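Participant: sequence and predicted structure, then a few things I'm wondering about:
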Amino acid sequence: MNYLVLIIVALVGIAIGMYFARRKVNGGFIAKQMEQKSQNKQKILAFVQEHGKIQNNDVEKLAGVSNATAERYLDELEKEGKLTQHGTIGQNVFYTAK
């Protein structure tokens, strides 16, 4: 009986330890992603200041992200009031600083 209680307590302790270890790791990962996103957005704004405009392909190369992520960054910066979109669809779409 004593061994059974000891085994149960040990298993519960291991499960709780694994739970908290995962929470800490995932929290750090999310914070790192948010920091990277912020840095990429700053790179985009700096590029626009230097070159006057930016296109989706420029963001992909500059930040090393996918097409969808580049679009998301540009949309977010536009909604934040930092960029203005010119054009609607295709290769002729570009963004300038407000």
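Facilitator: Looks like it arrived, so ask away.
Participant: which secondary structure elements does the lowest-mean-pLDDT helix or strand in the chain sit against?
Facilitator: Of all helical and strand segments in the chain, the minimum by mean pLDDT, DSSP states H and E falls on helix 2-51, at a mean of 86. Contacts defined by 3 or more CB pairs under 8 Å, 6 or more residues apart in numbering; DSSP states H and E place helix 2-51 against helix 56-63, helix 67-79, strand 94-97. Heads up, the C-betas are built off the backbone N, CA and C, glycines and all.
Participant: per-residue pLDDT of K61, please?
Facilitator: Note on K61: pLDDT of 95.
Participant: and it, how far from L11?
Facilitator: Using CB to CB, to the nearest Å, K61 is found at 51 Å from L11.
Participant: K82 - how many residues pack around it?
Facilitator: Neighbours of K82 under the rule other CB atoms under 10 Å: 15.
Participant: actually E76, sorry about that
Facilitator: Neighbourhood size, E76 [other CB under 10 Å]: 14.
Participant: so it touches K41, yeah?
Facilitator: Yes: assessed by CB atoms under 8 Å, E76 is found in contact with K41 at 7.2 Å.
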